[in-house]
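*Asks:* sequence? don't have it. structure:
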């Protein structure tokens, strides 16, 4: 059974940076981040292959967010720079037992973290 534990959310000001962490126990191949803003559907943010060789970033955050993995720690990071108020959302870590070479979509995620709140004030 795979478990995902997230950390790193919080309240920041526009322009600030924040790093989210997600530590996985159990075996999974691809991992990623999704987010859900109030009143909106959950959307893809970023995903990465197990070895870190391939990453996918949503257009809405490209150039500002970076996903990386520490294989030894089974931990995936989401580095968020130049945060904007529209980045405010609950961020969820996800993992899949599928081997994907494309961006992970919500339907492909087999496991989810509990979510961590990110609030960006203007």
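*Replies:* Perfect, I can see it now. Predicted, not measured: the structure shown is a model, and the values here were computed from it.

*Asks:* separation between residue 22 and residue 121?
*Replies:* Residue 22 sits 24 Å away from residue 121, taking C-beta to C-beta, to the nearest Å as the criterion. In short, each C-beta sits where N, CA and C put it, glycine included.

*Asks:* So between those two, which is more surrounded?
*Replies:* residue 22 (25 against 11; other C-beta atoms under 10 Å).

*Asks:* So for the more buried one, what pLDDT did the model give?
*Replies:* With respect to pLDDT, residue 22 has a value of 97.

*Asks:* What of residue 82?
*Replies:* 98.

*Asks:* which non-adjacent residue is nearest it?
*Replies:* residue 64 (4.8 Å; C-beta to C-beta, 6 or more residues apart in numbering).

*Asks:* Neighbours of the one you found, how many?
*Replies:* Residue 64: 15 neighbours (other C-beta under 10 Å).

*Asks:* Use 104 as the first number from now on
*Replies:* Sounds good: first residue 104 from here, last item residue 167.

*Asks:* and it, what does it touch?
*Replies:* Counting by C-beta atoms under 8 Å, 6 or more residues apart in numbering, residue 167 makes contact with 183, 184, 185, 186.

*Asks:* now, which of the residues you listed lie within strands?
*Replies:* Mapping these onto strands (DSSP state E) picks out residue 183.

*Asks:* Can I get the contacts of residue 167 in CSV including neighbour count and distance to residue 118?
*Replies:* Converted to CSV, the contacts of residue 167 look like this (neighbours: other C-beta atoms under 10 Å; distance: C-beta to C-beta, whole Å):
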residue, neighbour count, distance to residue 118
183, 25, 11
184, 14, 9
185, 13, 6
186, 22, 7
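
*Asks:* Quick check: of the contacts of residue 167, which lies closest to residue 153?
*Replies:* residue 183 (22.2 Å; C-beta to C-beta).

*Asks:* what bridges to that closest one?
*Replies:* Residues in a beta bridge with residue 183, per DSSP bridges, are residue 121, residue 168.

*Asks:* Which residues are in contact with it?
*Replies:* 120, 121, 122, 123, 164, 167, 168, 190, 221 are the contacts of residue 183 under C-beta under 8 Å, 6+ apart.
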